[in-house]
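Chemist: would you be able to build a 3D model of this:
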Amino acid sequence: QVQLVESGGGLVQAGGSLRLSCAASVRSTYGMAWFRQAPGKEREFVAGITWSGGGTYYADSVKGRFTISRDNTKNTVDLQMNSLKAEDTAEYYCAARRNSGIRLTYNEYDYWGQGTQVTVSS
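Modeler: Residues are numbered from 1 along each chain as shown. Below you'll find the model as predicted:
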């Protein structure tokens with residue numbers, strides 16, 4: 001049974017940092033990603049990583065500020081978020097897809113976590 005459990009969300013001031021972690025009981029060959037959804041908005045892609053960790057992709061809005069990484073020995077996928085802005089406030093979700101490639105739309109992912117809230121105060 002596939003399970004994704006996010007942790008690490010919270011309240012932080014603008015300019016601060018948070019590190020999200022996803023404990024993933026998935027095959028190491030799965031592609032992984034982080035998405036986010038703000039109230040009244042659609043779920044949007046934030047960052048993705050291939051099964052090997054050798055390939056990553058970021059939304060333009062977070063490029064240079066966020067870093068996605070994975071540790072297949074620990075079955076974790078992390079999202080380091082620096083220089084946070086008020087517009088980063090959202091529920092953040094970990095997602096997995098059976099194919100190892102990175103996709104940008106939420107309907108191409110097969111499994112989802114419950115989400116963790118990130119709130120950035122300005």
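
Chemist: ok, and the closest non-adjacent residue to the spatially most central residue of the chain?
Modeler: In the chain, the residue lying closest to the centroid (CA atoms, centre = their mean) is Trp34, at 2.1 Å. Once flanking residues are discounted, Trp34 sits nearest to Val46: 4.4 Å by CB to CB, 6 or more residues apart in numbering. (C-beta placed from N, C-alpha, C; glycine too.)

Chemist: gap between the one you found and Ala86?
Modeler: Per CB to CB, to the nearest Å, Val46 is found 16 Å from Ala86.

Chemist: partners of the closest residue to Asp88 other than its chain neighbours in the sheet?
Modeler: Nearest non-adjacent residue to Asp88, counting by CB to CB, 6+ apart: Val120, 5.2 Å away. Under DSSP bridges, the beta-bridge partners of Val120 are Val12.

Chemist: could you point out which element follows the host helix or strand of the residue nearest to Trp34?
Modeler: Using DSSP states H and E, Val46 sits in strand 44-49. Downstream of strand 44-49, the first helix or strand assigned by DSSP H and E is strand 56-58.

Chemist: list the strands paired with the helix or strand just after that following strand, with their directions.
Modeler: Downstream of strand 56-58, the first helix or strand assigned by DSSP H and E is strand 66-71. Here strand 66-71 has these sheet partners by DSSP bridges: strand 76-81 (antiparallel).

Chemist: now the angle from the strand it pairs with to strand 44-49?
Modeler: 120 degrees (axes from the mean of the first three to the mean of the last three CA atoms, to 10 degrees).

Chemist: contacts for strand 76-81?
Modeler: Contact with strand 76-81 is made by 17-24, 32, 34, 46-47, 49, 62, 65-71, 88, 92, 94, 118, as judged by CB atoms under 8 Å, 6 or more residues apart in numbering.
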